[in-house]
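Enquirer: this one's structure only:
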């Protein structure tokens, strides 16, 4: 469905180069729901703009349904975006309906790991435009491997989903 390999997005001036994304690789399969998460400034919006074909990238490969997006002209990209990509803003209940009723593939962008845990199959955690951790929503949320992800979870306010000794889902208070 959507496959990005080695995507880099840099903003350059004569004296400065700032990377929004560095060597980002992500693969969204048919009927899969992936969440891209991290704090402000980590590259979520840059990823969304590239995935939605609203911005270009400096390096890497991007295929949507097997079509190389980089090689398309603006008119072709507009047509493909219109046919294959939709944007849903702030309607979390609609996302689950789309996922379960229609089996659509989705990428969900949020800085809130607690929210994405409930609706995503997989999570990609970004830090400074680089993937810090990726895995199933269950494993990233309940058994994070990266210290950065552990810090994000510890800092998250409100209830946190966890498991009790009987392996039943329970809420825990985050730090």
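Expert: Nice, I can see it. Since we're looking at a predicted model, the values are computed, not measured.
Enquirer: And residue 100, how close does it get to residue 121?
Expert: With distances taken as CB to CB, to the nearest Å, residue 100 is found 12 Å from residue 121. Glycine gets a C-beta too; all of them are placed from N, C-alpha and C.
Enquirer: likewise residue 4?
Expert: 17 Å.
Enquirer: Check residue 104 too.
Expert: From residue 104 to residue 121 the distance is 12 Å (CB to CB).
Enquirer: Next: residue 156.
Expert: 20 Å.
Enquirer: follow-up on the earlier one: comparing residue 4 and residue 121, which residue is more hemmed in?
Expert: Set residue 4 next to residue 121 and count neighbours by other CB atoms under 10 Å: residue 4 wins out with 21 against 17.
Enquirer: Which residues does the helix or strand where residue 139 lies contact?
Expert: Using DSSP states H and E, residue 139 sits in helix 137-142. Residues external to helix 137-142 that are found in contact with it (CB atoms under 8 Å, 6 or more residues apart in numbering): 35, 113, 116-117, 120-123, 125, 133-134, 149, 153, 161-163.
Enquirer: so for it, what's the average pLDDT?
Expert: Helix 137-142 carries an average pLDDT of 90.
Enquirer: OK, contacts around residue 41?
Expert: Neighbouring residues of residue 41 by CB under 8 Å, 6+ apart: residue 128.
Enquirer: try the one 10 residues further on
Expert: For residue 51, the set of contacting residues under the criterion of CB under 8 Å, 6+ apart consists of 2, 4, 62, 85, 107.
Enquirer: What count of nearby residues applies to the spatially closest residue to residue 121 that is not a sequence neighbour?
Expert: Nearest non-adjacent residue to residue 121, counting by CB to CB, 6 or more residues apart in numbering: residue 33, 4.8 Å away. By the measure other CB under 10 Å, the count of residues near residue 33 is 21.
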